[in-house]
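> sequence plus predicted model, see below.
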Protein chains: 2
Amino acid sequence: MAQRFEFRLTATDGKARSGVISTPRGDIRTPAFMPVGTAGTVKAMLPGSVRATGADILLGNTYHLMLRPTAERIAHLGGLHRFMNWDRPILTDSGGFQVMSLAALRKLTEDGVTFKSHIDGSSHSLSPERSMEIQRLLGSDIVMCFDECPALPATDAEVATSMRLSMRWAQRSRDAFGDRPGHALFGIMQGGVTRDLREESAAALRDIGFDGYAVGGLAVGEGQEAMFGVLDYAPGFLPEDRPRYLMGVGKPDDIVGAVERGIDMMDCVLPSRSGRTGQGWTPRGQVNLRNARHKDDPRPLVEGCGCPACQGYSRAYLHHVIKSDEIIGSMLLTWHNLHYYQDLMQGLRDAVEAGRLAAFVAAFHALRAQGDIETV
Amino acid sequence: MAQRFEFRLTATDGKARSGVISTPRGDIRTPAFMPVGTAGTVKAMLPGSVRATGADILLGNTYHLMLRPTAERIAHLGGLHRFMNWDRPILTDSGGFQVMSLAALRKLTEDGVTFKSHIDGSSHSLSPERSMEIQRLLGSDIVMCFDECPALPATDAEVATSMRLSMRWAQRSRDAFGDRPGHALFGIMQGGVTRDLREESAAALRDIGFDGYAVGGLAVGEGQEAMFGVLDYAPGFLPEDRPRYLMGVGKPDDIVGAVERGIDMMDCVLPSRSGRTGQGWTPRGQVNLRNARHKDDPRPLVEGCGCPACQGYSRAYLHHVIKSDEIIGSMLLTWHNLHYYQDLMQGLRDAVEAGRLAAFVAAFHALRAQGDIETV
C-alpha cells in the first residue's frame, strides 16, 4: 500500500486519460466510478458485493452523516470505514450541495450556512472549517472543499458572486485541512456554463494548490449538451498531473462523454436509485423491468453479464419481484446496475490504455441505438 | 443424490429425534427449520445467502404464487426452483391456510374454496385437486394436502366438522397427487386442542398413507402452553418412520419445545419478518435494535456469531441503518436471524445425536434467563 496520496497517469488517448490513484487504503483505477453510500450504506448492497462489482472507492455524504448518526459518533466508533465495513478509500463531499438541495430554512453568510435538518428540523451549521472537521472525524480519504452551488436558473452575476465565495471558502478549507499525509483535499471549480468564470475559478484553485480538482456545478439540470460544452474546455484549465473529478455524473452516455473530455472520477446515485425503481442499465440502454412485456421472458436482463441478477434470474423473475415490491428486486437490480457501470469503466480504461477509445465509444453508441432485445 | 424420497432416523433422545430426509434435490437434516420464501424469495435474502445460513429446504406459498405470477407461468419458466434460483428441496403449503387468513369473500363448500385475491380482487378457487395441480406445476418436492383450518375461537363440534372435511380432502389430495417418484405428499392432522379429535384425524391419515405427517391447526393464537399440551401426545399418534412437521412454528423456545416432543420439521416467517422490523434473535432472547441504548455500542449483536451482521458491524451501525430505514438493516438482521435459527437447529441435532438434549435445553433456557448484554 502507498503511504501517500499519489496520482499516476498511465496512458492518454486524445483528451482521455487512464491512471491510478494510490492511497494508504488501496488503489483507485481511473477513470473511476464511485458508488454513493449516502448514509453509511450503498442502498440495498453489502460492501463485499459493492467491491465485487469492481468499485475501488465509495462516496459518503457529509450532510446525511452529520445529522445521523453524527460525525462525532462515527469517530467514537472508529471512523466511517469501520462503521460501514468498507476498508477501501472513501471520498466525502463537503455537505454544501446537499444543504442547498435538502435542508430547510437555509441562511447563507460569508462565514457559512445555517440550516434545519430535513429529518427532525434540528438546527445545524456548516462552514469550511466545520466541514473539514466533520470529514476528518469521518476519516475520509479524499476530502472535498466546502463550496456553494447557486440554484438554477442564475444570472452570470449571481454565478460569479457564488463562485468567488466558493473560492474564498476553498482557501479556508485548505487552511483548515492542514497537513494530513495519506489524505487528499480536492478543490471544486465553479462558474456555471460561463467560460471566463470557469477559467477564473480554476486559476484561483491552482493558486491555492490541491491534491485533485473537481468540476462542480454541473449535473444540476443544465442538460448534457451544456455540460459537454463546459467539459470541452474546463478540464484543460486544471493541472494535468492531478485527478479531475466530475461531481454527480451520471448516465452511462454522460460518463463516456466525460471520459472523452479528460475526466478521471465520477459519482452518481443513478445506478443504485434506478435499481430500486425497477430500472436496469444495459449496453442497449435503460430497461424498465416493471413493464409487462417481461413477464414471460426466460432470458436474463443482459446475456453474458456476470452479475448475480443475470447469472441467476430471468427477466420474468425480476419483473415479478419488482411488481411484488420484494426487497430482492432492489438488491438484484442495484447489483446489476453497479456491475454494468463498473464494466463500462473497465472498458473505458482498457480502451484508453490500448489507444482505441474512439472505436470503443462508437461501439457503445451503436449498441444503444439498437435498443433493448425484442420480447419473446 | 437419492432417487426417492426417504426418511432415516439416526438417533433419538427421549421423544426427540434426529435424522435425514433424502430427496433427489439433496438431503434435509432433521430437526429442520425451513425459512419461508412466500412469493418466490426469502425476503431481503439472496438464495445463496439463505443456503449459507445452513438451510437445507425452503417453504413456498401456494396461495401467493398462484395469484402472482401464477403457477402456470412458473411452470412455463421451468418451475419454482429455477424461477427463484434455489436448486435444493422446496416444500409448498396447500394454500388452504392463506386463503382463510388473507383472501376476501371466501366461500367454503365440500368441493373446495372460492375467494377473491387480496392483491387485485380477482376470483379464484382452490380444491384438493387444484392444489395438487398447482404444487405439481411449481415443481414442489414436498407437497401438502389441501386442508381447512377453522378460525378461532371454535367449538369442539366446529373443529370436528372442519377436521372431518379436511380428512375427506386428504383422501382426494392423495388420489389427485398420484404416483410421483422423488416427490412426497404430506397429510395434515387437524383437531384443534382436543385429544380425541387429534387421534381420530391421525388414524384417518394413517389409513390413507402419506410420506410424512404434519401437525396443523396450531400456532394460530392458542398460546405456547396449549400448543405444547397438544404436542405432548399428538406426535405419538403418527407413524414413527415418517417425518413429523409442525406448521408455522415458531419462536426459538417453541422450536426447542417442539423438538423435545418429537417434531422433525418446522417453518415460520418470524426470523425474516422480525429482521425487517429491527428485531434480532440471540441466545439471550429477542433484542430490539431500534432502541436508543444501542446507538453508541461498538459490540456486535452476538459475540462470536458467524453471520455477516455480527462479523462486520456494531450494534450502533445496525441501530443507525434501522432508524434510517436503510434496506441493509433488513438484509443484515434477516441474515442474522436465519443464521441464529439454523445454529439452534444444528445445536439441537447435535444434542440429540449425542444423547444430551436435556443439558442443551437447560443451557438454552439459562442463557435466555440472563437477558441481553448490558449497555456499554
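Noted; the coordinates are in hand. Numbering: from 1, shown residues only, chains lettered A, B, ... in the order given.

> low-confidence ranges, the stretch 151-300 of chain A, go.
Scanning the stretch 151-300 of chain A for pLDDT under 70 picks out nothing.

> show me what from it comes close to chain B.
For the stretch 151-300 of chain A, the contact set with chain B under Cβ under 8 Å from any Cβ of the partner chain comprises A:295-296, A:298. C-beta: built from backbone N, CA, C; applies to glycine.

> which of these are buried, as a ChimeraX select command?
Of those, the buried ones go into a single ChimeraX selection, burial set by 16 or more other Cβ atoms under 10 Å in any protein chain shown:
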select /A:295,296
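
> so which of the residues of the stretch 151-300 of chain A next to chain B comes closest to B:Met100?
Sorting those by how near they are to B:Met100, with Cβ to Cβ, puts A:Lys295 at the top with 28.5 Å.

> how about the nearest residue to that closest one, chain neighbours excluded?
Distances taken as Cβ to Cβ, 6 or more residues apart in numbering or on different chains place A:His319 nearest to A:Lys295, at 5.1 Å, with adjacent residues excluded.

> need phi/psi at the one you found.
Reported as degrees, to the nearest 10, the phi and psi values for A:His319 are phi -60, psi -50.

> residues contacting it?
A:His319 makes contact with A:289-292, A:294-295, A:297, B:69 under the criterion Cβ atoms under 8 Å, 6 or more residues apart in numbering or on different chains.

> picking that back up, tell me which of the residues of the stretch 151-300 of chain A next to chain B fall in strands.
Counted as lying in strands by DSSP state E, out of these, is not a single one.

> ok now the longest helix along chain A, how far from the chain's centre?
In chain A, with assignment by DSSP state H, the single longest helix is helix A:327-354. Offset of helix A:327-354 from its chain centre (Cα atoms, centre = their mean, to the nearest Å): 14 Å.

> what's the first helix or strand after that helix?
For helix A:327-354, the following helix or strand on the C-terminal side (DSSP states H and E) is helix A:357-370.

> which residues in the stretch 1-150 of chain A form helices?
Using DSSP state H, counting those that start in this stretch, the helices found in the stretch 1-150 of chain A span residues A:47-52, A:62-67, A:71-76, A:80-84, A:96-102, A:128-138.

> hmm, back to that, which among the residues of the stretch 151-300 of chain A next to chain B gets closest to B:Lys43?
Distance from B:Lys43 was checked for each of those by Cβ to Cβ. The minimum falls on A:Lys295, at 20.9 Å.

> related to what we said a few turns ago, dump the helices of the stretch 1-150 of chain A to CSV, plus mean pLDDT, mean neighbour count and distance to chain B.
Shown next, in CSV, are the helices of the stretch 1-150 of chain A (pLDDT from 0 to 100; neighbours: other Cβ atoms under 10 Å in any protein chain shown; distance: least, Cβ to the nearest Cβ, whole Å):
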stretch, mean pLDDT, mean neighbour count, distance to chain B
helix A:47-52, 98, 18, 8
helix A:62-67, 97, 25, 8
helix A:71-76, 98, 18, 6
helix A:80-84, 98, 22, 6
helix A:96-102, 86, 20, 14
helix A:128-138, 98, 23, 13
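
> wait, which of those helices is closest to A:Asp111?
Among these, helix A:128-138 comes nearest to A:Asp111, with 9.0 Å by Cβ to Cβ.

> the closest one - contacts with which helices or strands?
Counting contacts by 3 or more Cβ pairs under 8 Å, 6 or more residues apart in numbering or on different chains; DSSP states H and E, helix A:128-138 is packed against helix A:62-67, helix A:71-76, strand A:90-92, strand A:142-144, helix A:156-177.

> tell me which of these sits most buried.
strand A:142-144 (a mean of 28; mean count of other Cβ atoms under 10 Å in any protein chain shown).

> now that one: average pLDDT?
The average pLDDT within strand A:142-144 is 98.

> neighbouring strands - and their directions - for it?
In its sheet, strand A:142-144 lies beside strand A:90-92 (parallel), strand A:184-189 (parallel), with partners assigned from DSSP bridges.

> for those, which one sits closest to B:Asp372?
Among the strands paired with strand A:142-144, the nearest to B:Asp372 by Cβ to Cβ is strand A:90-92 (31.9 Å).

> show residues contacting the closest one.
Residues outside strand A:90-92 that contact it (Cβ under 8 Å, 6+ apart) are A:25, A:34, A:37, A:57-62, A:65, A:80-81, A:135, A:138-144, A:245, A:265, A:267.

> same thing but at 7 Å, please
For strand A:90-92, the external contacting residues (Cβ atoms under 7 Å, 6 or more residues apart in numbering or on different chains) are A:34, A:57-60, A:62, A:80-81, A:135, A:138, A:140-144.

> how about A:Arg208, what does it touch?
Check again: residue A:208 is Ile, not Arg. Under the criterion of Cβ under 7 Å, 6+ apart, the contact list for A:Ile208 reads A:170-171, A:174, A:187.

> dump those to a markdown table, plus distance to A:Val220.
Output for the contacts of A:Ile208, formatted as a markdown table (distance: Cβ to Cβ, whole Å):
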| residue | distance to A:Val220 |
| --- | --- |
| A:Ala170 | 19 |
| A:Gln171 | 24 |
| A:Arg174 | 24 |
| A:Gly187 | 18 |
